[in-house]
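# Quick one, structure for this:
(2 chains)
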Protein chains: 2
Amino acid sequence: MFKHILIATDGSDGACEALKVAVEMQKIFDADLWILSVFRHHSLREASMSMVRPVDPENMDLMMKHYASDVAERCKRYALEQYCPKVRAFVKSGRPAKTIVRFAEEKGADLIILGHRGLGNTEGFILGSVSHKVSGMARCPVMVV
Amino acid sequence: MFKHILIATDGSDGACEALKVAVEMQKIFDADLWILSVFRHHSLREASMSMVRPVDPENMDLMMKHYASDVAERCKRYALEQYCPKVRAFVKSGRPAKTIVRFAEEKGADLIILGHRGLGNTEGFILGSVSHKVSGMARCPVMVV
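As a prediction, this is how the structure comes out:
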């Protein structure tokens, strides 16, 4: 039924709960499990409006990429510890919802799993949360944990 | 993992797709499958603003209840035809998202499945769709098909 499961994570508590469900689903369906950690490029415009200035703005992108890679690796390690062998981790940059949906389509995922907190959900009531956008745009079922 | 699956339906195409997934999930997890069809009471205020007046406004509630019951029964019949024995159908009145979440909590559902079209999703970009509201409010995973 589900052979290619994509779990999108930002390292938040909600995403960690989603990962647990994804690992269980992987085992039941003997699916491939793809972990996707998305980071946004540090925008100079955002930085100019922020009250907190980064010490080294040129390296902000690199820092965010490192953080996203670290999240992806930790998630992969967790999956392997749970005896979930068919796991791969990916890191992408871009707007979270669009990047998740595009990745799912390109790779042929048949289920996307997300945490309902995290991934920018604090702004959910105004802008629409990532999980809402993904479940609206994706061509496959989306499980919000 | 999932022992009590709730599928909420309004008879739309999206909800029918969700039902197919719910039936497959029921079989895999050997879960109880609860079909919930929600109808809203016909509001006299809404009727007064509508350009189309019902012929018999006093019977509107009854008509909507009959329609919701018919949807629930058709879904149950489909599930039984798919050799999905542990199925029950329910009809409730109220605001869809709140009614679905309350029902899920009262019954102890551990997975809610919804179609991402239907259930009032045309107004989703302004008011927030039912699936968005349910995935935000529910205490269990929500799968949007």
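# Kindly list the longest helix within chain A.
helix A:60-81 (DSSP state H).
# Show me which parts of that helix are buried, residue by residue.
By neighbour count on 16 or more other C-beta atoms under 10 Å in any protein chain shown, the buried set for helix A:60-81 is A:Met60, A:Lys65, A:Ala68, A:Val71, A:Ala72, A:Arg74, A:Cys75, A:Lys76, A:Tyr78, A:Ala79. Every residue, glycine included, has its C-beta placed from N, CA and C.
# Tell me if I'm right that the fourth one and A:Ser12 touch.
Just to be clear, that refers to A:Val71. No - A:Val71 lies out of contact with A:Ser12 (C-beta atoms under 8 Å); the separation is 9.2 Å.
# Tell me which other helices or strands the longest helix of chain A touches.
Contact partners of helix A:60-81 among helices and strands, from 3 or more C-beta pairs under 8 Å, 6 or more residues apart in numbering or on different chains; DSSP states H and E: strand A:4-9, helix A:13-29, strand A:32-39, strand A:87-93.
# Let's have the ones you listed in CSV, adding mean neighbour count.
Below are those laid out as CSV (neighbours: other C-beta atoms under 10 Å in any protein chain shown):
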stretch, mean neighbour count
strand A:4-9, 27
helix A:13-29, 20
strand A:32-39, 23
strand A:87-93, 17
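# who touches the closest residue to A:Lys86 other than its chain neighbours in this structure?
Leaving aside its chain neighbours, A:Lys86 sits nearest to A:Asp32 (5.0 Å; criterion: C-beta to C-beta, 6 or more residues apart in numbering or on different chains). Shown in contact with A:Asp32 (C-beta atoms under 8 Å, 6 or more residues apart in numbering or on different chains): A:Lys3, A:His4, A:Ile5, A:Gln26, A:Lys86, A:Val87, A:Arg88.
# Could you export those as TSV, including pLDDT?
Shown next, in TSV, are these (pLDDT from 0 to 100):
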residue	pLDDT
A:Lys3	97
A:His4	98
A:Ile5	98
A:Gln26	96
A:Lys86	94
A:Val87	97
A:Arg88	97
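# and which of those residues is nearest to A:His41?
A:Arg88 (23.4 Å; C-beta to C-beta).
# give me the low-pLDDT residue ranges for chain A?
Scanning chain A for pLDDT under 70 picks out A:42-58, A:117-128.
# and it, which of its residues are near chain B?
A:1, A:21, A:24-25, A:28-29, A:116, A:124-125, A:128-129, A:131-132, A:135-136, A:141-145 (C-beta under 8 Å from any C-beta of the partner chain).
# Of the contacts of A:Asp32, which is the nearest to A:Val38?
Among these, and counting by C-beta to C-beta, the member closest to A:Val38 is A:Arg88, at 15.2 Å.
# residues contacting the closest residue to that closest one other than its chain neighbours?
Counting by C-beta to C-beta, 6+ apart, A:Trp34 is the residue found nearest to A:Arg88 once chain neighbours are left out, at 5.6 Å. Contacts for A:Trp34 (C-beta under 8 Å, 6+ apart) come out as A:His4, A:Ile5, A:Leu6, A:Ile7, A:Val87, A:Arg88, A:Ala89, A:Phe90, A:Lys107, A:Ala109.
# for the second one, what are its contacts?
The reference is to A:Ile5. Counted by C-beta under 8 Å, 6+ apart, A:Ile5 has contacts A:22, A:25-26, A:29, A:31-34, A:109-113.
# what separates it from B:Lys107, distance-wise?
To B:Lys107, A:Ile5 is 27 Å away according to C-beta to C-beta, to the nearest Å.
# for the last one, same thing?
Distance of A:Ala109 to B:Lys107, computed by C-beta to C-beta: 31 Å.
# So between those two, which is more surrounded?
Per other C-beta atoms under 10 Å in any protein chain shown, whichever of A:Ala109 and B:Lys107 has more neighbours is A:Ala109, with 27 against 14.
# doesn't the more buried one fall inside a helix?
No - secondary structure of A:Ala109 (DSSP: H, G, I helix; E, B strand; the rest coil): coil, not part of a helix.
# With adjacent residues omitted, what lies nearest to it?
Closest residue in space to A:Ala109, ignoring its immediate chain neighbours: A:Leu6 at 3.9 Å, by C-beta to C-beta, 6+ apart.
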